[in-house]
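>>> Provided below for reference: sequence and predicted model.
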Amino acid sequence: MTDVKTDLKAMLKDPSLLETRAYIDGKWVDGDDGTFDVLNPARGDVIAKVANLSRAQVAKAIAAAEKAQKEWATWTGKERAGVMRKWFDLMMENQEDLGKILTAEQGKPLNEAKGEIAYGASFIEFFGEEAKRIYGETIPGHQRDKRITVIKQPIGVAASITPWNFPNAMITRKAAPALAAGCAFVARPAAETPLSAIVMGVLAERAGIPAGVFNVVPSSSSSAVGKEFCENPAVRKLTFTGSTEVGRILLKQAADQVMKCSMELGGNAPFIVFDDADLDAAVEGAILCKFRNNGQTCVCANRIYVQSGVYDAFAKKLKARVEQMKVGDGFEDGVDLGPLINPAAGDKVQEHITDALSKGAEIILGNAKDNMKGNFLAPTIVTGVTQDMKVATEETFGPLAPLFKFDTEDDVIAMANDTIFGLASYFYAKDLSRVYKVAEALEYGIVGVNTGIISTEVAPFGGVKQSGLGREGSHHGIEDYLEMKYICMSV
Ligand SMILES: O=CCCCC(=O)O
């Protein structure tokens, strides 16, 4: 039996939003493989037992999506936009409850969780509007009797695998362009955070999205679902957000069907502070960029490079600001940093701290030993960090701010680009020619200049190198769910 603890239900204005079954073909179904537990990362207790789907049930969801997609694709853009608008409105009407569900299973502070709901909803609003603008093209014919037309059609069934760090927005950023394009969608949420995905099925049903167009298939085994997605010929598009390691496996599996893939993979974002930067603004930017979701974001600053002339002043100001941050249960008032998702996440941060200290770095805030209480970890700042330390090459995914020192623009660009990753990068500077040159020289899909927050539905989000393939968000984001067809007519 699937189940939710009563205390989570009691927190909601509308307890019927809390669903623990899978949503397939417009029906609510139990898992053939029983249930799996969802934990609250702040307290460690089980908050829900969620349907654990077998691979055969995932195949059924794909078959339902394949059938529903044919009809959905015949709807006009305006008709699809209409139900997507309702979906968006329902999300915003229930923002508080959706935020609470998200905090309960993911841990981030409630205000941040509500912010994620608004961010997630923005993709549905944006791409619903975009459904009306899927334009084709006419091309002058190559012979006197020829007329050439290009039309764009939905790719078919799209399947997603999404992470626990943004359990709402990473689904809507994929499902919204898919549905707007006329595709049907099968979502496999992270096993840590399925409730935030399932509630999107509840709202899809209420919004009038036809049965089978949006399906949610929770499962404790991402590899079984991943295999079904990659091997089932009805799936024409795989979209994944997660680690580069898993992305490589999925790309190999998807190769057999020559499946179209979007991959939002790991990052190792440099955050550079030049000596002409507004230091107070740079500190605020670093706080937002480093500590968003407690450092558990692919675009969080992983390496903070500070020019030698302002290094000490920046370190002092950053320390003073981080000292004010409150760590605690995301439901408590005034909490800035919630728990990490699980003990392994804390171990990774500890490993990076220990490695840096063993190679000569120094802690100026935090405590390397005995730092972790439950899943809570005090934010830590280390100085004297160098390129030979683990934190220079691996994504920490936690509240560790490592400060590297650099002398010249050329040096820092070389260090910033010395990674297999290329998702987000940031720098603070005032000199205009420096701003242009550095923005062009950074080998990243995203560059934040004098800002620590770059995420928005209107811009193309994505990475270069081993950070991924494709872009999500903006008018470019819908292209991954469309196929181009060229029609050559002799008149
Ligand atoms: O870990 C990646 C999540 C991306 C969050 C964002 O859109 O900023």
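Looks like it came in fine.
>>> How is the chain divided into domains?
Here the domain parsing of the chain from the TED database is 8-265+467-489, 270-449.
>>> Of the ones you listed, which is nearest the ligand?
With CB to the nearest ligand atom as the criterion, the ligand lies closest to domain 270-449 of the domains of the chain, at 3.1 Å. All C-beta atoms are positioned from the backbone trio N, CA, C, and that covers glycine.
>>> Just give me the longest helix of this structure.
Ordering each helix of the chain by length in residues (DSSP state H) puts helix 110-130 first.
>>> what helix or strand does the residue nearest to E137 when sequence neighbours are not counted sit in?
In space, and not counting its chain neighbours, E137 is closest to V150: 4.1 Å by CB to CB, 6 or more residues apart in numbering. Here V150 sits within strand 146-154, counting by DSSP states H and E.
>>> Output stretch 123-138 as CSV, restricted to C-alpha atoms.
Extracted in CSV, the C-alpha atoms of stretch 123-138 (Å, rounded to 0.1, in the frame of the first residue of the first chain):
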residue,chain,number,x,y,z
PHE,A,123,8.5,27.0,-18.0
ILE,A,124,4.9,25.8,-18.4
GLU,A,125,3.7,29.4,-18.9
PHE,A,126,6.5,30.2,-21.4
PHE,A,127,6.3,27.1,-23.5
GLY,A,128,2.5,27.1,-23.5
GLU,A,129,2.7,30.5,-25.2
GLU,A,130,5.5,29.2,-27.5
ALA,A,131,3.1,26.4,-28.7
LYS,A,132,1.5,29.0,-31.0
ARG,A,133,4.8,29.9,-32.6
ILE,A,134,6.2,26.7,-34.0
TYR,A,135,6.9,28.2,-37.4
GLY,A,136,8.0,26.5,-40.5
GLU,A,137,9.8,28.0,-43.5
THR,A,138,9.6,28.5,-47.2
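>>> Show me where the stretch 1-150 of the chain dips below the pLDDT cut-off.
6 (pLDDT under 70).
>>> Report how many residues lie close to E137.
Using other CB atoms under 10 Å, E137 is surrounded by 11 other residues.
>>> got the phi/psi numbers for it?
phi -150, psi 150 (degrees, to the nearest 10).
>>> any idea how far it lies from G156?
Note on E137: its distance to G156, by CB to CB, to the nearest Å, is 22 Å.
>>> Can you give me every residue that contacts the residue nearest the centre of the chain?
Residue closest to the average C-alpha location in the chain (CA atoms, centre = their mean): M170, at 4.3 Å. With contact set as CB atoms under 8 Å, 6 or more residues apart in numbering, M170 has these partners: T162, P163, T241, E264.
>>> So the residue of the chain most remote from its centre: helix, strand or coil?
Largest separation from the mean C-alpha position in the chain: R144, at 49.6 Å (CA atoms, centre = their mean). Judged by DSSP: H, G, I helix; E, B strand; the rest coil, the three-state class of R144 is coil.
>>> Please tell me I have it right and A207 contacts M91.
No - A207 lies out of contact with M91 (CB atoms under 8 Å); the separation is 9.2 Å.
>>> higher neighbour count, the two?
The neighbour count for A207 versus M91, taken as other CB under 10 Å, is higher for M91 (23 against 20).
>>> Close to the ligand: what parts of this structure are there?
N165, F166, T297, C298, V299, S455, F461 (CB under 6 Å from any ligand atom).
>>> The last one pairs with what?
In other words, F461. Beta-bridge pairing for F461 (DSSP bridges): E472.
>>> That one touches H476, doesn't it?
No - here F461 does not reach H476: they are 9.6 Å apart, not a contact under CB under 8 Å.
>>> Looking at the two, which is more packed in?
Higher neighbour count among F461 and H476: F461, with 25 against 15, using other CB under 10 Å.
>>> now stretch 319-329: mean pLDDT?
Stretch 319-329 shows a mean pLDDT of 97.
>>> Now tell me what touches that stretch from outside.
42-43, 283-284, 287, 291, 334-339, 364-365, 376-379, 381, 401.
>>> next helix or strand past the helix or strand containing E228?
Using DSSP H and E, E228 sits within helix 222-231. Counting by DSSP H and E, the element after helix 222-231 in chain order, helix or strand, is strand 235-241.
>>> Report the backbone C-alpha coordinates of that next one in CSV.
Extracted as CSV, the C-alpha positions of strand 235-241 are listed here (Å, rounded to 0.1, in the frame of the first residue of the first chain):
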residue,chain,number,x,y,z
VAL,A,235,10.5,6.5,-27.2
ARG,A,236,12.0,9.0,-29.7
LYS,A,237,13.6,11.4,-27.3
LEU,A,238,15.4,11.0,-24.0
THR,A,239,16.0,14.0,-21.8
PHE,A,240,18.2,13.7,-18.7
THR,A,241,19.5,16.0,-16.0
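>>> Just give the closest residue to S467, not the sequence neighbours.
Nearest non-adjacent residue to S467, counting by CB to CB, 6+ apart: L423, 3.9 Å away.
>>> mind pulling up the phi and psi values for the one you found?
Torsion angles, degrees, to the nearest 10, at L423: phi -90, psi -90.
>>> was I right about it contacting G468?
Yes - using CB under 8 Å, L423 makes contact with G468 at a distance of 7.1 Å.
>>> which residues do the two both contact?
Here L423 and G468 have E264, L265, G445, G462 as joint contacts, going by CB under 8 Å, 6+ apart.
>>> What is the burial count for the last one?
Read that as G462. G462 has 25 neighbours, counted by other CB under 10 Å.
>>> just the third one next, same as before
In terms of burial, G445 registers 22 neighbours under the definition other CB under 10 Å.
>>> That one and G473, how far apart?
12 Å.
>>> Ok, A211 next?
If you go by CB to CB, the gap between A211 and G473 works out to 28 Å.
>>> between the two, which one's more packed in?
Neighbours were counted for A211 and for G473 using other CB under 10 Å; G473 has more, 22 against 17.
>>> confidence score at the more buried one?
On the pLDDT scale, G473 is placed at 98.
>>> For it, give me its contacts.
Counted by CB under 8 Å, 6+ apart, G473 has contacts F123, F126, R173, T456, E457, V458, A459, P460, F461.
>>> picking that back up, among the contacts of stretch 319-329, which ones are in helices?
Short answer: these in helices (DSSP H) are V283, E284, I287, F291.
>>> Tell me the secondary structure at the residue nearest to the second one when sequence neighbours are not counted.
Spelled out, it's E284. Nearest in space to E284, with sequence neighbours left out and distances taken as CB to CB, 6+ apart, is G452 at 7.2 Å. Secondary structure, three-state DSSP: G452 is coil.
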